[in-house]
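Novice: quick one: sequence and predicted model below, then my questions.
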Amino acid sequence: MTRIVLVGAGSAQFGLGTLADIFRSDVLAGSTIVLHDINPTSLARVQQIGQEHIDAHKLNFTLEATTDRREALQGAGFVIISIEIGDRFKLWEQDWKIPLQYGFRQVYGENGGPGGLFHALRITPAILAICRDVMELCPEAWVLNFSNPMSRICTTITQALPDLHLVGLCHEINSLEQHLPQMLGCDFADLEVVAGGLNHFSILVEARYKATGQDAYPDIRAKAPDFFERRERGLFATLLQRFGYLPITTDSHMGEYIQWAHDVVDHEGILQFYAWYKEYCLARAPQEGYSLEHYQRGEQVVPIIEAIVADAALHELAVNVPNDNLIKGLPADIVVEVPALVDGKGVHGIRLEGYPKGFLGLLQNQVAIHELTAEAVLTGSKEAVLQALLVDPVVDKVAPAERMLETILLLQSQYLGYIQ
């Protein structure tokens, strides 16, 4: 019997959406699903909705819930993590706006730039504690992480716990399935695509028409500028024009990593996206009368678990795993986003040959930042935090960076008190 633990299950967007996906799986029928959250009220509501669905559809699943993490992890085969720390949007807005106040032109504040660093310092210790419990209680389990900042979290955990079976998952790759068929006038199933980089900082490396083997990139380069002439695509268009490759995600995400992004991104589109996303997330809390039909994610986590359980070959377009020469020119222990093969032995990243040198240079700018973020989390070193800021391309002033750091450490002392 497979035991699947959902850490952060009190979140309606994650908990109920993931349950909906699991309950549609024939391969996972008979499994025990364990919901874990530190909020007993939201946890109980998700459990109630899940159990009502099991009973109504006479499904062969056992559903448990507990606020005790160690109890939840006992005997787990899979641990899916999607958590945040504290008041998500209040802290996110501090990560975003305080660097702006000190003169640093970051365009967002979640995964890259100073905001991404502060986010990583806040959330990574909690996820590391979960993973240390996994290594003690269920060391053979696969840990599937959805929390951001994906690359920094996973890189830190990989360095601390190199034997952990850890994979990061993100839905951004699905944008290719939305855009390419409309752009090229064919079904996505008729295309072979290869994408990779860092999470939220990734490009379409290769695209071909399956029937003929013909390179689809000439068509993409010709048609993409007109197709993407809409909100939140200014940096997107610049990267395509100057580097020759199609980004996977939008200006808000890509722009966090690039020092000149502020001049070309669609700022109005980023602000509108954030306002929409905040409202969307806050409206996803479980409501009376809701059922799992309201929460369908369609993420890749369930097919990956199915492939491991059934030892069935599965090709995944994007997973986040340690580099280990998957992208030549990046260190082995930084976590990269690449395609993968999945089977009964686990998740195996696929090497990207001939990665474009120009975009590789942008990725290489992030290496020291990731390494210093990991050092800061694992040692509590304020010196490492400041160095992580000062090697970031977005940070171009020393004294303001020092003052910004002091402000963040004071405002977020509840979560960053370990930084000394």
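Specialist: On my side now, so go ahead.

Novice: so what secondary structure elements neighbour the helix or strand where V342 lies?
Specialist: Using DSSP states H and E, V342 sits within strand 335-343. Applying 3 or more CB pairs under 8 Å, 6 or more residues apart in numbering; DSSP states H and E, we find strand 335-343 packed against helix 150-160, strand 191-198, helix 301-310, strand 314-322, strand 346-349. Every residue, glycine included, has its C-beta placed from N, CA and C.

Novice: switch the cut-off to 6 Å
Specialist: helix 150-160, strand 191-198, strand 314-322, strand 346-349 (3 or more CB pairs under 6 Å, 6 or more residues apart in numbering; DSSP states H and E).

Novice: what's the closest of those to A76?
Specialist: strand 346-349 (15.3 Å; CB to CB).

Novice: hey, which of the helices and strands packed on strand 335-343 is tucked in deepest?
Specialist: helix 150-160 (a mean of 25; mean count of other CB atoms under 10 Å).

Novice: report the mean confidence score over stretch 403-420.
Specialist: Averaging pLDDT along stretch 403-420 yields 98.

Novice: check which residues of that stretch are buried.
Specialist: 404-405, 408-409, 412, 415-416, 419 (16 or more other CB atoms under 10 Å).

Novice: of those, which is the nearest to I4?
Specialist: Y415 (28.5 Å).

Novice: thinking again about what came up before, hmm, which two among the buried residues of stretch 403-420 are most spread apart?
Specialist: M404 and Y415 (16.5 Å).

Novice: what's near enough to touch H253?
Specialist: Neighbouring residues of H253 by CB atoms under 6 Å, 6 or more residues apart in numbering: H200.

Novice: how close does it sit to V265?
Specialist: 10 Å (CB to CB, to the nearest Å).

Novice: next: P356.
Specialist: 21 Å.

Novice: T41 now?
Specialist: Counting by CB to CB - T41 and V265 are separated by 39 Å.

Novice: low-confidence stretches in the stretch 101-250 of the chain?
Specialist: 230-232 (pLDDT under 70).

Novice: as a check, name the ranges of all strands in it.
Specialist: Using DSSP state E, counting those that start in this stretch, the strands of the stretch 101-250 of the chain run over 142-145, 165-168, 191-198, 201-209, 246-247.

Novice: V27 belongs to a helix?
Specialist: No - assigned with DSSP: H, G, I helix; E, B strand; the rest coil, V27 falls outside any helix and is coil.

Novice: number of nearby residues for it?
Specialist: Neighbours of V27 under the rule other CB atoms under 10 Å: 16.

Novice: now swap in A313 and tell me
Specialist: That count, for A313 with other CB under 10 Å as the rule, works out to 10.

Novice: pretty sure it contacts D343?
Specialist: Yes - counting by CB atoms under 6 Å, A313 touches D343, with 5.5 Å between them.

Novice: circling back: for the strands of the stretch 101-250 of the chain, which one sits closest to N320?
Specialist: With CB to CB as the criterion, N320 lies closest to strand 165-168 of the strands of the stretch 101-250 of the chain, at 3.0 Å.

Novice: what does the closest one contact?
Specialist: 142-145, 150, 154, 157, 319-321, 347.

Novice: from those residues, which two are the most distant?
Specialist: For those, the farthest-apart pair by CB to CB is W142 and M150; their separation is 16.3 Å.

Novice: need the winner for burial among the strands of the stretch 101-250 of the chain.
Specialist: Comparing the strands of the stretch 101-250 of the chain by mean neighbour count (mean count of other CB under 10 Å), strand 246-247 ranks first with a mean of 26.

Novice: report the contact partners of A313.
Specialist: So A313 contacts D343 (CB under 6 Å, 6+ apart).

Novice: phi and psi next, for it.
Specialist: phi -70, psi 130 (degrees, to the nearest 10).

Novice: any figure for the gap between it and L352?
Specialist: Per CB to CB, A313 is found 20 Å from L352.

Novice: cool, and E84?
Specialist: Counting by CB to CB, the separation of E84 from L352 is 31 Å.

Novice: what of V7?
Specialist: For V7 relative to L352 (CB to CB), the value is 31 Å.

Novice: and L386, by the same measure?
Specialist: L386 is 33 Å from L352, by CB to CB.

Novice: again, but for P331
Specialist: Taking CB to CB, one finds P331 at 15 Å from L352.

Novice: the more surrounded of the two?
Specialist: L352 (20 against 17).

Novice: quick check: phi and psi on that one?
Specialist: According to degrees, to the nearest 10, L352 has phi -100, psi 110.

Novice: so what's it closest to, chain neighbours aside?
Specialist: G196 (4.7 Å; CB to CB, 6 or more residues apart in numbering).

Novice: that neighbour touches R351, doesn't it?
Specialist: No - using CB under 6 Å, G196 is not in contact with R351, being 9.5 Å away.
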